[in-house]
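Engineer: Sequence first, predicted coordinates after that:
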Amino acid sequence: MNTRTGLLSAFAIFSALASAAAAQTAPAASAASDRESAVTHHVLKLNGTELRYTATAAFMDLRDDTGKLQARIFYTAYTRDGQNAATRPLTFAFNGGPGAASLWLHLGAMGPKRVLLADEGKELPKDIRLVDNDQTWLGFTDMVFVDPVGSGYSHTAPGVPAEKYFGLDGDMQSLGEFIRLFVSTNGRWASPKYLAGESYGATRSCLLAAHLHNKHGLDLAGLVLLSSALNFETFSFGDDNDLPYMLYVPTYAATAWYHNRLDADLQKSLPATLAEAEKWTLDVYGPALARGSALGSDERKKIVQGLMRYTALPRELIERADLRVPPYVFRKQLLQDKAASADEPAPQAKIVGLLDARVTGFTNEPLAAHADYDPAMFVIAGPFTAAVQTYMNDELAFRTGREYVFLSRKANGSWNWGSAAGGYVSATDDLARAMTQNPNLKVFAAMGYFDMTTGYFAQEYAFRHLSLPGQLRKNITMAYYFSGHQIYNHTPSLKQFKSGVQAFMTTPPAK
């Protein structure tokens, strides 16, 4: 791991999480061992074709060198029937947190079923519905959704502290061993293997790519990284770090554009507005911040004008913030003059979402306080959590008295950042090393314009600063979507995402 001196506590990608349908055909369930594993068989119609597949919901036991049980990792695997395992791709999927279970990618993007959201993920749905996912990846890859220790149903053995797995190294070692065991016990060593990771899951995937090669001799065909947290310095806001203030201006501009807050000329075209904001950020704003207190008064006035133009925030606020506006301030201030109405003489503050800035809600938090409430998380947390447990019980025939932990507060709050505990975590060195060792390793990086947790321009910065030979950069594909952190909650983006990943997995690396 690479480290930077500074602040780690700003990494709160899923901090809001901590506060916060019948089968097409009846599945033919096999006998379940102690009611904690199940294999079921299903049929899905995909693009007019009948797709038969097998679902396995089970635990993988992790043991130490003496054979003593250490932990049980819960997973859900989908394999298409009648395929050649030697040539059939296999994708392991993780969410982030850290401490988040895999239900988001499982029932939001990749699996054969998905949660039906309201208004493209912007409103709380009236009921909990699972529908056939016509954007599932099962048409081109088998999939394994993995819940790291402490999340989902995964847990440690009696007497084994969970903290053993709550950290960069413990997490990487345990999931690396899980992948090795799954590949070995299911005869998938010859399969083209991929990792799909969202948010901290992208960090995890980059660490695993190098770890799997170096420890197990297991090489990957590619990584699919969604809303990547690669270099924490790019989104850790603090007095000693100007970088995120600079890199988030394009995200602020996109958000202000979506809510129709920009000047008329900037409202005409989002791509043109973002191109202008990005150029101003790199050419004007960044160099100005680098000058610190040496910035002249005339230059300072120009920066204030630029920030007013691209953030739609008032001059006084920008001046008070010393030209550095963190996301929690932007989220609370952008829509302030829209909070009042004739029916609401004493309005609550209106706030834009953290995970998805397209979403708005009300908050009674003081304007100056850190924004802990995320309306974008509220509209999905309940529906996804209810849906995954209903799905496990009713369709996958997996029943257990254990609670399904959608986010482990304990893991999220006590994560061991190792040598980076006093600085900035960065997985960029690990990713560059993995791509250099394996020149055929491809990367698909997906990012949403309205993501206020890992801003799209911050992600782009991390990918463009990988220490790679120029000829290997062609193995990186960057894709942008009209959505937030969870790209798949916006149906048009979900369709584009699936199409992009399918092309990525089925196209050989460029020569």
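Structural biologist: Ah, there it is.
Engineer: which SSE is the nearest residue to residue 311 once chain neighbours are set aside in?
Structural biologist: With sequence-adjacent residues excluded and distances taken as C-beta to C-beta, 6 or more residues apart in numbering, residue 311 is closest to residue 252, at 4.5 Å. Every residue, glycine included, has its C-beta placed from N, CA and C. Taking DSSP states H and E as the criterion, the element that holds residue 252 is helix 249-258.
Engineer: now for that helix, which elements pack on it?
Structural biologist: The contact analysis (3 or more C-beta pairs under 8 Å, 6 or more residues apart in numbering; DSSP states H and E) places helix 249-258 against helix 270-280, helix 297-311, helix 456-464.
Engineer: give me that answer again for 6 Å
Structural biologist: When contacts are defined as 3 or more C-beta pairs under 6 Å, 6 or more residues apart in numbering; DSSP states H and E, helix 249-258 packs onto helix 270-280, helix 297-311.
Engineer: Nearest to residue 177, out of the ones you listed?
Structural biologist: Distance to residue 177, taken as C-beta to C-beta, is lowest for helix 270-280 among the helices and strands packed on helix 249-258, at 41.6 Å.
Engineer: What residues of the helix or strand just after that closest one count as buried?
Structural biologist: Next along the chain after helix 270-280, taking DSSP H and E as the criterion, comes helix 286-290. Neighbour counts over helix 286-290 (16 or more other C-beta atoms under 10 Å) mark 286, 288, 289 as buried.
Engineer: Closest one to residue 410 out of those, please.
Structural biologist: Proximity to residue 410 was ranked across the buried residues of helix 286-290 by C-beta to C-beta; first place goes to residue 289, at 37.1 Å.
Engineer: distance of the residue nearest to that closest one when sequence neighbours are not counted from residue 453?
Structural biologist: Spatially, and ignoring its direct neighbours in sequence, residue 289 is nearest to residue 242 (4.2 Å; C-beta to C-beta, 6+ apart). Applying C-beta to C-beta, to the nearest Å, the value for residue 242 to residue 453 is 19 Å.
Engineer: higher neighbour count, the two?
Structural biologist: Taking other C-beta atoms under 10 Å, residue 242 and residue 453 do not tie; residue 453 has more neighbours (29 against 18).
Engineer: what's the spacing between the more buried one and residue 110?
Structural biologist: Distance from residue 453 to residue 110, counting by C-beta to C-beta: 20 Å.
Engineer: Could you do residue 304 as well?
Structural biologist: In terms of C-beta to C-beta, residue 304 sits 44 Å off from residue 110.
Engineer: what does residue 57 give?
Structural biologist: In this view, residue 57 and residue 110 are 15 Å apart by C-beta to C-beta.
Engineer: Would you mind telling me which of the two has more residues around it?
Structural biologist: residue 110 (28 against 24).
Engineer: Start and end of stretch 134-149, how far apart?
Structural biologist: Chord length of stretch 134-149, first to last residue, is 30 Å (C-alpha to C-alpha, to the nearest Å).
Engineer: What residues of it count as buried?
Structural biologist: In stretch 134-149, counting by 16+ other C-beta under 10 Å, buried: 135-149.
Engineer: try stretch 173-189
Structural biologist: Quick answer for stretch 173-189 (16+ other C-beta under 10 Å): 173, 174, 175, 176, 177, 178, 179, 180, 182, 183, 186, 188.
Engineer: repeat for stretch 49-59
Structural biologist: Result for stretch 49-59 [16+ other C-beta under 10 Å]: buried residues 51, 53, 54, 55, 56, 57, 58, 59.
Engineer: Could you do stretch 265-274 as well?
Structural biologist: For stretch 265-274, using 16+ other C-beta under 10 Å, the buried residues are 266, 270, 273, 274.
Engineer: any idea how far residue 258 is from the second one?
Structural biologist: Taken as C-beta to C-beta, the spacing of residue 270 relative to residue 258 amounts to 8 Å.
Engineer: For this protein, which residues score under the pLDDT cut-off?
Structural biologist: Applying pLDDT under 70 to the chain flags residues 1-35, 338-349, 366-371, 420-422, 509-511.
Engineer: how about the strands in it?
Structural biologist: Remark: strands assigned in the chain by DSSP state E are 38-46, 49-63, 69-80, 90-94, 113-115, 130-132, 142-147, 155-156, 193-198, 222-226, 349-352, 360-363, 442-448, 476-481.
Engineer: Show me what the fourth one is packed up against.
Structural biologist: Using 3+ C-beta pairs under 6 Å, 6+ apart as the contact test, the elements touching strand 90-94 are strand 142-147, strand 193-198.
Engineer: Then the longest one?
Structural biologist: Using 3+ C-beta pairs under 6 Å, 6+ apart as the contact criterion, the neighbours of strand 49-63 among helices and strands are strand 38-46, strand 69-80, helix 168-185.
Engineer: roughly how far out does the last one sit from the chain middle?
Structural biologist: Read that as helix 168-185. From the chain centre to the centre of helix 168-185 is a distance of 20 Å (C-alpha atoms, centre = their mean, to the nearest Å).
Engineer: now stretch 233-253
Structural biologist: 19 Å.
Engineer: contact partners of it?
Structural biologist: Applying C-beta atoms under 6 Å, 6 or more residues apart in numbering, the contact partners of stretch 233-253 are 4, 6-7, 10, 273-274, 277-278, 281, 285-286, 289, 310-311, 324, 326, 330, 424, 454-455, 457-458, 461-462.
Engineer: C-alpha coordinates for it, CSV please?
Structural biologist: What follows is stretch 233-253 as a C-alpha-only set of coordinates in CSV (Å, rounded to 0.1, in the frame of the first residue of the first chain):
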residue,chain,number,x,y,z
GLU,A,233,-6.1,11.8,-0.9
THR,A,234,-8.4,12.8,-3.8
PHE,A,235,-11.5,12.8,-1.6
SER,A,236,-10.2,13.4,1.9
PHE,A,237,-11.2,17.0,2.7
GLY,A,238,-9.0,18.8,5.3
ASP,A,239,-7.1,21.9,6.0
ASP,A,240,-3.8,20.4,4.8
ASN,A,241,-5.1,18.9,1.5
ASP,A,242,-6.2,21.1,-1.3
LEU,A,243,-6.5,18.3,-3.9
PRO,A,244,-10.1,17.2,-3.3
TYR,A,245,-11.4,20.8,-3.2
MET,A,246,-10.0,21.2,-6.7
LEU,A,247,-11.1,17.8,-8.0
TYR,A,248,-14.8,18.2,-6.8
VAL,A,249,-15.6,21.4,-8.7
PRO,A,250,-16.7,19.4,-11.8
THR,A,251,-19.0,17.3,-9.6
TYR,A,252,-20.4,20.5,-8.0
ALA,A,253,-21.0,21.9,-11.5
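Engineer: re earlier: could I get the helices and strands packed on strand 49-63 in JSON lines, plus columns for distance to residue 403?
Structural biologist: As requested, these are arranged in JSON lines below (distance: least, C-beta to C-beta, whole Å):
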{"stretch": "strand 38-46", "distance to residue 403": "18"}
{"stretch": "strand 69-80", "distance to residue 403": "12"}
{"stretch": "helix 168-185", "distance to residue 403": "20"}
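Engineer: And the ones you listed: which comes nearest residue 156?
Structural biologist: That would be strand 69-80 among the helices and strands packed on strand 49-63, by C-beta to C-beta, at 4.7 Å.
Engineer: partners of the closest one, with directions?
Structural biologist: strand 49-63 (antiparallel), strand 142-147 (antiparallel), strand 155-156 (antiparallel) (DSSP bridges).
Engineer: which residues are contacting the shortest one?
Structural biologist: By C-beta under 6 Å, 6+ apart, the surrounding residues in contact with strand 155-156 are 71, 72, 162.
Engineer: and which of the residues you listed is nearest to residue 130?
Structural biologist: Nearest member of the contacts of strand 155-156 to residue 130, counting by C-beta to C-beta, is residue 72, at 25.7 Å.
Engineer: what's the burial count for that closest one?
Structural biologist: Neighbours of residue 72 (other C-beta under 10 Å): 17.
Engineer: Verify the contact between it and residue 59 for me.
Structural biologist: Yes - with contacts counted by C-beta atoms under 6 Å, residue 72 reaches residue 59, the gap being 4.2 Å.
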